[in-house]
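In: Turn this into a structure:
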Amino acid sequence: MTATSEIPALSDAPANRTPATFDPDTAPDTDVPANRSFVITWLLSMLFGVLGLDRIYTGRYLTGALKLLSLGGLGIWWIIDLGIVLAGGLRYGRDPLRGYAQDKEIAWIATGFTLIVAYSLQVDEMVATLLSGLF
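Out: So this is what the prediction gives:
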């Protein structure tokens, strides 16, 4: 190719095609809220899952409030929900969370690493000591 030659088109569409006109009947619906982010949902579930913020973020207000009142089902509901988020089971409406396919591996690795570090630092004993000091 020379400097004066034409740059090849990247699409399969013919080069002489005229642009399509805007048709409001086929335009995407702008009233539908955007899908929720997997990374934000995962972080909310891991860090504030006991408070139910992951469920509130994904539009499950009633179960989010119940999770808050029960302190994450005394931790059991929190752990189960973290697994559901990591497995891709928590959805926003009927749609999967945005970015799940490309970020799930990093979330699994970071969660495992966090659990290993927390266990090695004996975070459970520190939390028990703090709670016994409060009561």
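In: so what's the backbone phi/psi at Asp95?
Out: Per-residue torsions, Asp95: phi -90, psi 140 (degrees, to the nearest 10).
In: bridging residues for it?
Out: Beta bridges link Asp95 to Tyr92, judged by DSSP bridges.
In: is it true that it touches Asn35?
Out: Yes: with contact defined as Cβ atoms under 8 Å, Asp95 counts as touching Asn35 (5.3 Å). (C-beta placed from N, C-alpha, C; glycine too.)
In: quick one: which of these two has more around it?
Out: Asn35 (16 against 10; other Cβ atoms under 10 Å).
In: On the three-state scheme, the more buried one is what?
Out: Counting by DSSP: H, G, I helix; E, B strand; the rest coil, the backbone at Asn35 sits in coil.
In: That one and Leu131: what is the separation?
Out: According to Cβ to Cβ, to the nearest Å, Asn35 and Leu131 sit 37 Å apart.
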